[in-house]
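Trainee: Show me the folded form of this:
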Amino acid sequence: MKSAHSSTQTRSSTIMTFHPTMEEFSDFNNYIAYMESQGAHRAGLAKVIPPKEWRARQSYDDVSDILIATPLQQVVSGKAGMFTQYHKKKKAMTVREYHLLADSEKYRTPLHLNFEDLERKYWKNRLYDSPIYGADISGSKIPYLHPYLIQVGNSVFPNVTRDGKPG
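Mentor: Predicted structure coming up:
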C-alpha cells in the first residue's frame with residue numbers, strides 16, 4: 001500500500017490515522033484488511049482521512065430502506081471496577097427506523113458545552129443507557145467510486161470530457 005498512516009497514543013492503545021490514495025479508497029474492504037494488517041483493529045477504531053479528490057454523496061435519500069438485520073445493543077454491567085460488556089441482538093430495522101430511534105429523547109445527543117463535556121456525559125451515563133449500533137449492514141452510504149475520475153482532471157485522461165470526447 002502506498003498510503004501513509006500515523007498513530008495517536010491513548011491510555012490503553014494506539015489509534016492509527018490512515019491516508020489512503022484514491023485507488024486504495026475505491027476498494028475500501030481491501031483497505032480495511034490492510035489497516036488491520038498494520039494493527040489498527042487493536043484500538044477498536046481508526047481514523048481514515050479520505051483522499052483530496054473524494055467527494056461525499058450529495059444526498060442520503062436513497063438509503064432509508066436499507067435493512068439493518070441485527071442491530072446490537074451494547075450492555076455494560078458491574079461495580080467496584082469489575083465490569084462485563086455484551087451485545088444484545090435487537091430486531092431488524094431499516095435505516096429510517098434507526099434514524100428515528102437515534103433522534104428519540106432517550107438516544108439523541110444530550111445538550112453539551114463542548115466535545116469534552118459530551119464525552120464526560122457519555123461515560124457518566126454509560127452504565128445506565130446502552131447504545132444501539134447498526135453494524136454489519138449490506139449496501140453502502142458511500143456512492144460508487146469510479147476508478148478513473150475523468151471529471152476531476154487528475155487522471156491519465158485530463159483532456160477528455162464527460163461524454164468521452166477530447167476537450
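
Trainee: This protein: helices as residue ranges?
Mentor: Secondary structure of the chain by DSSP state H: the helices cover 22-26, 28-37, 95-102, 115-125.

Trainee: shaky segments in the chain?
Mentor: 2-3, 5-13, 136-167 (pLDDT under 70).

Trainee: Show me it divided up by domain.
Mentor: Residue ranges for the domains of the chain, per automatic domain parsing: 1-51, 61-133.

Trainee: Comparing those, which comes out most buried?
Mentor: domain 1-51 (a mean of 14; mean count of other C-beta atoms under 10 Å). C-beta: built from backbone N, CA, C; applies to glycine.

Trainee: That domain: end-to-end distance?
Mentor: One end of domain 1-51 sits 14 Å from the other (C-alpha to C-alpha, to the nearest Å).

Trainee: And the strands in this structure?
Mentor: 4-9, 14-19, 47-48, 67-68, 72-79, 82-89, 93-94, 132-133 (DSSP state E).

Trainee: In its sheet, which strands sit next to the third one, and in what direction?
Mentor: The reference is to strand 47-48. Counting by DSSP bridges, the strands paired with strand 47-48 are strand 14-19 (parallel).

Trainee: The strand it pairs with vs helix 28-37, what angle?
Mentor: 140 degrees (axes from the mean of the first three to the mean of the last three C-alpha atoms, to 10 degrees).

Trainee: for Gln85, what are its contacts?
Mentor: Taking C-beta atoms under 8 Å, 6 or more residues apart in numbering, we find Gln85 in contact with Gln74, Val75, Val76.

Trainee: and if you look at Ser77?
Mentor: Counting by C-beta under 8 Å, 6+ apart, Ser77 touches Phe83, Thr84, Leu127.

Trainee: so what's it bridging to?
Mentor: Beta bridges link Ser77 to Thr84 when assigned by DSSP bridges.

Trainee: Near Lys52, how many other residues are there?
Mentor: When neighbours are counted by other C-beta atoms under 10 Å, Lys52 registers 10.

Trainee: Repeat that for the one 5 residues further on.
Mentor: The burial metric for Arg57, expressed as a neighbour count using other C-beta under 10 Å, is 13.

Trainee: ok, back up a step: I'd like the contacts of Ser77 written out as a markdown table, with distance to Thr109 added.
Mentor: What follows is those, written out as a markdown table (distance: C-beta to C-beta, whole Å):
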| residue | distance to Thr109 |
| --- | --- |
| Phe83 | 24 |
| Thr84 | 26 |
| Leu127 | 19 |
